[in-house]
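K.L.:
Sharing a model prediction with you, sequence too.
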Amino acid sequence: MLMEYPARVFKFYQDGFRRMTVGKTLWKIIIIKLIIMFGVLKIFFFPNFLSTNFSTDQQRADHVIEQLTRSTGNNY
């Protein structure tokens, strides 16, 4: 009984996706938007700061440690 449940759920969704008409188009639009958001926009808005500003792994590691452990100036 317990092992049968995941198979029934999978068949339910598989059958639902197979019968979709408008839903297939909507899923294609969603996938295209995700590819654009995470693939294309990452190149322009999220450059690799560490590799462009530091030449060695040690310099990168030192910078990250410094940023994580620095005092923010807020003494409560």
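P.N.:
That came through fine.

K.L.:
Contacts for the one helix or strand Pro6 maps to next, please.
P.N.:
Per DSSP states H and E, Pro6 falls inside helix 4-19. Applying CB atoms under 8 Å, 6 or more residues apart in numbering, the contact partners of helix 4-19 are 23-24. Where C-beta positions appear, they are placed from N, C-alpha and C, glycine not excepted.

K.L.:
pLDDT weak spots in this structure?
P.N.:
1-2, 72-76 (pLDDT under 70).

K.L.:
what ranges do the helices span in it?
P.N.:
4-19, 22-35, 41-45, 49-53, 57-69 (DSSP state H).

K.L.:
Mean neighbour count added to those, as CSV?
P.N.:
Listed next are those as CSV, based on neighbours: other CB atoms under 10 Å:
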stretch, mean neighbour count
helix 4-19, 9
helix 22-35, 10
helix 41-45, 9
helix 49-53, 10
helix 57-69, 11
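
K.L.:
separation between the residue nearest the centre of the chain and Val22?
P.N.:
The structure's the chain has its C-alpha centroid closest to Phe38; by CA atoms, centre = their mean the separation is 7.0 Å. As judged by CB to CB, to the nearest Å, Phe38 and Val22 stand 25 Å apart.

K.L.:
same deal with Ile32?
P.N.:
For Ile32, the distance to Val22 - CB to CB - is 16 Å.

K.L.:
likewise Phe44?
P.N.:
32 Å.

K.L.:
With Phe10 instead?
P.N.:
In terms of CB to CB, Phe10 sits 23 Å off from Val22.

K.L.:
Could you do Ala61 as well?
P.N.:
Relative to Val22, and taking CB to CB, Ala61 is found at 51 Å.

K.L.:
ditto for Ile65
P.N.:
Taking CB to CB, one finds Ile65 at 52 Å from Val22.

K.L.:
likewise Pro47?
P.N.:
Taking CB to CB, one finds Pro47 at 38 Å from Val22.

K.L.:
Can you report how many residues neighbour Phe54?
P.N.:
Using other CB atoms under 10 Å, Phe54 has 15 neighbouring residues.

K.L.:
give the contact list for it.
P.N.:
60, 63.
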